[in-house]
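Participant: after the sequence you'll find the predicted model.
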Amino acid sequence: MSLLFGVDAFTNRPFAGNPAAVCVLEAPADPAWMQALAREMNLSETAFLWPEGDAWRLRWFTPKVEVDLCGHATLASAHVLWRHLERPESRLAFDTRSGRLYATRAGARIGLDFPAPEAVTAPLPEAIAAALGGVRPVWSGRAEDDWIVVLESAAAVRALTPNLDLLARAPARGVVATARDESGAYDVVSRFFAPAVGVDEDPVTGSAHARMARYWASALGKDRLRAYQASARGGELELYLRGDRVELWGTAVTVWSGRLAAPVTSSYSAQLGRWPCPSHPTRDGESPR
(Lines give C-alpha, C1' and ligand atoms only; values in the text may rest on other atoms or scores of the structure.)
Protein backbone atom coordinates (compact mmCIF):
# COMPACT_ATOMS: atom_id res chain seq x y z
CA MET A 1 0.00 0.00 0.00
CA SER A 2 1.29 3.46 -0.90
CA LEU A 3 0.57 6.51 1.22
CA LEU A 4 0.27 10.01 -0.18
CA PHE A 5 0.51 13.25 1.78
CA GLY A 6 0.18 16.94 1.04
CA VAL A 7 2.56 18.98 3.20
CA ASP A 8 3.20 22.72 3.38
CA ALA A 9 6.91 23.21 4.08
CA PHE A 10 8.86 26.11 5.58
CA THR A 11 5.78 27.37 7.37
CA ASN A 12 3.89 26.69 10.61
CA ARG A 13 0.41 27.16 9.16
CA PRO A 14 -1.60 25.54 6.35
CA PHE A 15 -1.82 27.17 2.92
CA ALA A 16 1.47 29.03 3.28
CA GLY A 17 5.04 27.97 2.58
CA ASN A 18 5.69 25.55 -0.28
CA PRO A 19 3.31 22.64 -0.87
CA ALA A 20 4.80 19.26 -1.71
CA ALA A 21 3.27 15.85 -2.29
CA VAL A 22 5.05 13.00 -0.53
CA CYS A 23 4.48 9.44 -1.77
CA VAL A 24 5.75 6.69 0.53
CA LEU A 25 6.38 3.46 -1.39
CA GLU A 26 7.30 -0.04 -0.28
CA ALA A 27 9.76 -0.48 -3.17
CA PRO A 28 11.05 1.42 -6.21
CA ALA A 29 8.62 2.34 -8.97
CA ASP A 30 9.09 3.07 -12.65
CA PRO A 31 10.41 6.63 -13.08
CA ALA A 32 7.83 7.17 -15.83
CA TRP A 33 5.10 6.30 -13.33
CA MET A 34 6.59 8.65 -10.75
CA GLN A 35 6.72 11.42 -13.36
CA ALA A 36 3.08 10.76 -14.26
CA LEU A 37 2.02 11.05 -10.61
CA ALA A 38 4.02 14.27 -10.22
CA ARG A 39 2.23 15.64 -13.27
CA GLU A 40 -1.09 14.59 -11.69
CA MET A 41 -0.19 16.34 -8.41
CA ASN A 42 0.80 19.47 -10.39
CA LEU A 43 2.86 20.89 -7.52
CA SER A 44 6.35 22.30 -7.79
CA GLU A 45 7.68 19.01 -6.39
CA THR A 46 6.45 15.52 -5.62
CA ALA A 47 8.78 13.42 -3.47
CA PHE A 48 8.97 9.63 -3.62
CA LEU A 49 10.66 7.65 -0.87
CA TRP A 50 11.09 4.03 0.11
CA PRO A 51 13.36 2.16 2.55
CA GLU A 52 16.71 1.11 1.12
CA GLY A 53 19.46 -0.33 3.32
CA ASP A 54 20.16 1.94 6.27
CA ALA A 55 18.51 4.96 4.64
CA TRP A 56 15.54 6.11 2.60
CA ARG A 57 15.83 6.46 -1.14
CA LEU A 58 14.43 9.88 -2.08
CA ARG A 59 13.63 11.23 -5.56
CA TRP A 60 12.01 14.51 -6.55
CA PHE A 61 9.92 15.33 -9.62
CA THR A 62 8.41 18.57 -10.90
CA PRO A 63 5.42 18.22 -13.26
CA LYS A 64 7.99 18.13 -16.10
CA VAL A 65 11.27 16.59 -14.96
CA GLU A 66 13.19 14.82 -12.20
CA VAL A 67 15.52 17.19 -10.33
CA ASP A 68 18.81 16.67 -8.51
CA LEU A 69 17.99 18.56 -5.31
CA CYS A 70 14.88 19.89 -3.57
CA GLY A 71 14.76 21.37 -0.09
CA HIS A 72 11.09 21.79 0.69
CA ALA A 73 10.11 18.29 -0.47
CA THR A 74 12.94 16.84 1.65
CA LEU A 75 11.64 18.76 4.66
CA ALA A 76 8.13 17.49 3.85
CA SER A 77 9.43 13.90 3.58
CA ALA A 78 11.15 14.07 6.96
CA HIS A 79 7.99 15.57 8.46
CA VAL A 80 5.91 12.67 7.09
CA LEU A 81 8.30 10.01 8.39
CA TRP A 82 8.35 11.47 11.90
CA ARG A 83 4.79 12.74 12.18
CA HIS A 84 2.82 10.04 10.36
CA LEU A 85 5.00 6.94 10.18
CA GLU A 86 6.34 7.53 13.71
CA ARG A 87 9.93 6.73 12.81
CA PRO A 88 12.04 6.45 15.99
CA GLU A 89 15.30 7.83 14.59
CA SER A 90 16.41 11.26 15.72
CA ARG A 91 18.32 11.58 12.45
CA LEU A 92 17.06 10.44 9.05
CA ALA A 93 19.33 9.60 6.13
CA PHE A 94 18.22 10.07 2.51
CA ASP A 95 20.11 8.74 -0.50
CA THR A 96 19.53 11.03 -3.45
CA ARG A 97 20.95 12.15 -6.79
CA SER A 98 22.89 14.74 -4.76
CA GLY A 99 24.40 12.15 -2.44
CA ARG A 100 23.41 11.33 1.12
CA LEU A 101 21.42 14.04 2.90
CA TYR A 102 20.40 14.12 6.56
CA ALA A 103 17.49 15.51 8.51
CA THR A 104 17.45 16.14 12.26
CA ARG A 105 14.72 17.53 14.48
CA ALA A 106 14.48 19.84 17.44
CA GLY A 107 10.91 20.02 18.66
CA ALA A 108 8.73 21.06 15.75
CA ARG A 109 11.72 22.29 13.75
CA ILE A 110 13.52 20.16 11.17
CA GLY A 111 17.05 20.78 9.97
CA LEU A 112 18.37 19.60 6.60
CA ASP A 113 22.08 19.04 5.97
CA PHE A 114 22.68 20.13 2.37
CA PRO A 115 25.71 20.88 0.20
CA ALA A 116 26.49 24.60 -0.08
CA PRO A 117 28.31 25.10 -3.37
CA GLU A 118 30.25 28.28 -3.92
CA ALA A 119 28.59 30.76 -6.25
CA VAL A 120 31.05 31.83 -8.95
CA THR A 121 30.94 35.50 -9.95
CA ALA A 122 29.85 35.91 -13.56
CA PRO A 123 28.15 38.59 -15.67
CA LEU A 124 24.43 38.03 -15.92
CA PRO A 125 23.45 36.73 -19.37
CA GLU A 126 21.53 39.28 -21.38
CA ALA A 127 18.67 36.81 -21.83
CA ILE A 128 18.15 36.59 -18.06
CA ALA A 129 18.54 40.34 -17.52
CA ALA A 130 15.94 40.97 -20.22
CA ALA A 131 13.57 38.36 -18.77
CA LEU A 132 13.82 40.13 -15.39
CA GLY A 133 12.86 43.46 -16.91
CA GLY A 134 16.33 44.78 -17.71
CA VAL A 135 17.63 44.65 -14.13
CA ARG A 136 21.13 45.87 -13.26
CA PRO A 137 22.26 43.58 -10.45
CA VAL A 138 24.53 44.56 -7.61
CA TRP A 139 26.15 41.15 -8.10
CA SER A 140 25.47 38.06 -10.17
CA GLY A 141 26.91 34.59 -10.21
CA ARG A 142 26.21 30.96 -10.87
CA ALA A 143 25.97 28.12 -8.37
CA GLU A 144 25.52 24.71 -9.98
CA ASP A 145 22.65 25.18 -12.48
CA ASP A 146 21.07 28.26 -10.86
CA TRP A 147 21.82 31.94 -11.41
CA ILE A 148 21.91 34.20 -8.36
CA VAL A 149 20.96 37.82 -9.01
CA VAL A 150 21.53 40.25 -6.12
CA LEU A 151 19.43 43.41 -6.39
CA GLU A 152 19.74 46.75 -4.58
CA SER A 153 16.79 46.28 -2.24
CA ALA A 154 14.16 43.86 -0.99
CA ALA A 155 11.57 46.17 -2.56
CA ALA A 156 13.17 45.60 -5.97
CA VAL A 157 12.96 41.82 -5.43
CA ARG A 158 9.30 42.03 -4.48
CA ALA A 159 8.48 44.26 -7.47
CA LEU A 160 9.86 41.88 -10.13
CA THR A 161 7.45 40.77 -12.86
CA PRO A 162 9.62 38.51 -15.01
CA ASN A 163 8.85 37.45 -18.56
CA LEU A 164 8.48 33.74 -17.89
CA ASP A 165 8.53 32.75 -21.56
CA LEU A 166 11.94 34.38 -21.99
CA LEU A 167 13.17 32.97 -18.68
CA ALA A 168 12.15 29.44 -19.68
CA ARG A 169 14.64 29.64 -22.57
CA ALA A 170 17.51 30.91 -20.40
CA PRO A 171 20.52 28.61 -19.81
CA ALA A 172 19.68 27.64 -16.22
CA ARG A 173 17.45 25.49 -14.04
CA GLY A 174 16.26 28.65 -12.35
CA VAL A 175 17.04 32.16 -11.23
CA VAL A 176 17.02 33.41 -7.64
CA ALA A 177 16.58 37.15 -7.19
CA THR A 178 17.70 38.23 -3.75
CA ALA A 179 18.60 41.24 -1.62
CA ARG A 180 19.45 42.21 1.92
CA ASP A 181 16.38 42.93 4.04
CA GLU A 182 16.65 46.54 5.12
CA SER A 183 13.74 46.22 7.56
CA GLY A 184 15.76 44.04 9.93
CA ALA A 185 13.01 41.43 10.17
CA TYR A 186 15.21 39.04 8.18
CA ASP A 187 18.74 39.04 6.83
CA VAL A 188 17.81 38.09 3.27
CA VAL A 189 14.74 38.28 1.02
CA SER A 190 14.46 36.29 -2.19
CA ARG A 191 12.25 34.95 -4.97
CA PHE A 192 12.90 31.97 -7.23
CA PHE A 193 11.80 31.41 -10.83
CA ALA A 194 12.23 28.12 -12.72
CA PRO A 195 9.83 27.95 -15.69
CA ALA A 196 12.32 25.77 -17.60
CA VAL A 197 11.48 22.87 -15.26
CA GLY A 198 7.78 23.61 -14.97
CA VAL A 199 7.82 25.93 -11.94
CA ASP A 200 7.04 29.54 -12.85
CA GLU A 201 7.66 30.87 -9.34
CA ASP A 202 8.48 28.52 -6.51
CA PRO A 203 6.90 29.53 -3.18
CA VAL A 204 9.91 28.58 -0.98
CA THR A 205 13.10 27.01 -2.33
CA GLY A 206 15.50 25.24 0.01
CA SER A 207 17.98 24.32 -2.71
CA ALA A 208 18.27 27.94 -3.89
CA HIS A 209 19.02 29.07 -0.34
CA ALA A 210 21.67 26.37 -0.04
CA ARG A 211 23.26 27.69 -3.22
CA MET A 212 23.34 31.31 -2.09
CA ALA A 213 24.24 30.63 1.56
CA ARG A 214 27.98 31.10 1.09
CA TYR A 215 27.54 34.36 -0.81
CA TRP A 216 25.32 35.90 1.87
CA ALA A 217 27.40 34.58 4.76
CA SER A 218 30.43 36.33 3.26
CA ALA A 219 28.55 39.50 2.29
CA LEU A 220 26.94 39.91 5.72
CA GLY A 221 29.82 38.54 7.79
CA LYS A 222 27.71 35.96 9.62
CA ASP A 223 27.15 32.24 9.33
CA ARG A 224 23.59 32.24 10.72
CA LEU A 225 20.96 33.84 8.53
CA ARG A 226 17.21 34.34 8.70
CA ALA A 227 15.67 34.26 5.25
CA TYR A 228 12.25 35.04 3.82
CA GLN A 229 11.04 33.99 0.38
CA ALA A 230 8.67 36.69 -0.78
CA SER A 231 6.32 34.64 -2.95
CA ALA A 232 2.55 35.00 -2.75
CA ARG A 233 2.46 32.23 -0.12
CA GLY A 234 5.68 33.25 1.66
CA GLY A 235 8.01 31.12 3.73
CA GLU A 236 10.73 31.32 6.36
CA LEU A 237 14.08 29.55 6.66
CA GLU A 238 17.06 29.65 8.99
CA LEU A 239 20.47 28.98 7.45
CA TYR A 240 23.50 27.79 9.45
CA LEU A 241 26.60 27.65 7.26
CA ARG A 242 29.11 24.90 8.11
CA GLY A 243 31.97 25.24 5.63
CA ASP A 244 30.80 23.67 2.38
CA ARG A 245 27.56 22.45 3.98
CA VAL A 246 24.54 24.34 5.18
CA GLU A 247 21.77 23.46 7.63
CA LEU A 248 18.35 24.61 6.45
CA TRP A 249 15.88 24.80 9.33
CA GLY A 250 12.12 25.12 9.07
CA THR A 251 8.77 23.66 10.04
CA ALA A 252 6.02 21.89 8.10
CA VAL A 253 2.32 21.09 8.42
CA THR A 254 0.24 18.33 6.85
CA VAL A 255 -2.75 19.55 4.84
CA TRP A 256 -4.13 16.26 3.52
CA SER A 257 -3.35 12.54 3.59
CA GLY A 258 -4.66 9.36 2.03
CA ARG A 259 -3.90 6.16 0.14
CA LEU A 260 -3.00 6.01 -3.51
CA ALA A 261 -5.74 4.26 -5.50
CA ALA A 262 -3.85 4.10 -8.81
CA PRO A 263 -1.65 1.00 -9.03
CA VAL A 264 2.06 1.40 -8.39
CA THR A 265 4.03 -0.24 -11.17
CA SER A 266 7.65 -0.91 -12.03
CA SER A 267 6.78 -1.11 -15.74
CA TYR A 268 4.50 1.88 -16.25
CA SER A 269 5.79 2.65 -19.76
CA ALA A 270 4.61 -0.73 -21.02
CA GLN A 271 1.20 -0.33 -19.41
CA LEU A 272 0.60 3.28 -20.39
CA GLY A 273 -3.01 3.73 -21.37
CA ARG A 274 -4.04 0.27 -20.16
CA TRP A 275 -5.15 1.05 -16.62
CA PRO A 276 -8.80 0.18 -15.91
CA CYS A 277 -11.26 3.05 -15.66
CA PRO A 278 -13.76 2.31 -12.84
CA SER A 279 -17.36 3.30 -13.49
CA HIS A 280 -17.70 4.62 -9.94
CA PRO A 281 -15.15 6.58 -7.91
CA THR A 282 -13.62 4.93 -4.88
CA ARG A 283 -13.27 6.46 -1.43
CA ASP A 284 -10.25 5.59 0.63
CA GLY A 285 -9.83 5.90 4.36
CA GLU A 286 -7.37 8.15 6.05
CA SER A 287 -3.75 7.15 6.44
CA PRO A 288 -2.23 6.64 9.89
CA ARG A 289 -1.89 9.88 11.80
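Facilitator: Yep, it's here.
Participant: check contacts around the residue nearest to residue 96 when sequence neighbours are not counted.
Facilitator: Nearest residue to residue 96 in three dimensions, chain neighbours excluded: residue 58, at 5.0 Å (Cβ to Cβ, 6 or more residues apart in numbering). For the C-beta atoms, the positions are set from N, CA and C on the backbone; glycine is no exception. Contacts of residue 58 were listed using Cβ atoms under 8 Å, 6 or more residues apart in numbering, and they are 47-49, 74, 77, 94-96, 101.
Participant: quick check: the two most widely separated of those residues?
Facilitator: 48 and 101 (14.7 Å; Cβ to Cβ).
Participant: any idea which helix or strand comes after the helix or strand harbouring residue 208?
Facilitator: Assigned by DSSP states H and E, residue 208 belongs to helix 206-220. Downstream of helix 206-220, the first helix or strand assigned by DSSP H and E is strand 224-229.
Participant: that next one versus helix 206-220: what angle between them?
Facilitator: In terms of direction (axes from the mean of the first three to the mean of the last three Cα atoms, to 10 degrees), strand 224-229 departs from helix 206-220 by 130 degrees.
Participant: sheet partners, orientation included, of strand 224-229?
Facilitator: Here strand 224-229 has these sheet partners by DSSP bridges: strand 188-194 (parallel), strand 235-242 (antiparallel).
Participant: for that strand, give me every contacting residue.
Facilitator: 10, 181, 185-192, 202-205, 209, 213, 216-217, 234-241.
Participant: the same query, at a cut-off of 7 Å, please.
Facilitator: Outside of strand 224-229, the residues within contact range by Cβ atoms under 7 Å, 6 or more residues apart in numbering are 181, 186-192, 203-205, 209, 216-217, 234-240.
Participant: beta-bridge partners for the nearest residue to residue 201 once chain neighbours are set aside, please?
Facilitator: Spatial nearest neighbour of residue 201, excluding adjacent residues (Cβ to Cβ, 6+ apart): residue 193 at 5.4 Å. Under DSSP bridges, the beta-bridge partners of residue 193 are residue 175, residue 201.
Participant: where along the stretch 1-150 of the chain do the strands fall?
Facilitator: Assigned strands in the stretch 1-150 of the chain, in chain order: 3-9, 18-24, 45-52, 55-61, 66-67, 91-96, 99-106, 109-115, 120-121, 139-143, 146-150 (criterion: DSSP state E, counting those that start in this stretch).
Participant: now those strands in a markdown table, with mean pLDDT and distance to residue 265?
Facilitator: Shown next, in a markdown table, are the strands of the stretch 1-150 of the chain (pLDDT from 0 to 100; distance: least, Cβ to Cβ, whole Å):
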| stretch | mean pLDDT | distance to residue 265 |
| --- | --- | --- |
| strand 3-9 | 98 | 16 |
| strand 18-24 | 98 | 13 |
| strand 45-52 | 97 | 13 |
| strand 55-61 | 98 | 16 |
| strand 66-67 | 94 | 17 |
| strand 91-96 | 98 | 22 |
| strand 99-106 | 96 | 27 |
| strand 109-115 | 97 | 30 |
| strand 120-121 | 98 | 42 |
| strand 139-143 | 97 | 37 |
| strand 146-150 | 97 | 33 |
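Participant: quick one: closest of those strands to residue 158.
Facilitator: Per Cβ to Cβ, nearest to residue 158 of these: strand 146-150, 13.9 Å.
Participant: packing partners for that closest one?
Facilitator: Under the contact definition 3 or more Cβ pairs under 7 Å, 6 or more residues apart in numbering; DSSP states H and E, strand 146-150 sits against strand 139-143, strand 174-180, helix 206-220.
Participant: who wins for proximity to residue 29 among the ones you listed?
Facilitator: Comparing the helices and strands packed on strand 146-150 by Cβ to Cβ, helix 206-220 comes nearest, at 23.2 Å.
Participant: pull the distance from that closest one to the chain's centre.
Facilitator: 15 Å (Cα atoms, centre = their mean, to the nearest Å).
Participant: now it: buried residues?
Facilitator: 206-217 (16 or more other Cβ atoms under 10 Å).
Participant: circling back: in JSON lines: the strands paired with strand 224-229, plus mean neighbour count, distance to residue 125 and mean pLDDT.
Facilitator: What follows is the strands paired with strand 224-229, written out as JSON lines (neighbours: other Cβ atoms under 10 Å; distance: least, Cβ to Cβ, whole Å; pLDDT from 0 to 100):
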{"stretch": "strand 188-194", "mean neighbour count": "26", "distance to residue 125": "14", "mean pLDDT": "97"}
{"stretch": "strand 235-242", "mean neighbour count": "20", "distance to residue 125": "27", "mean pLDDT": "97"}
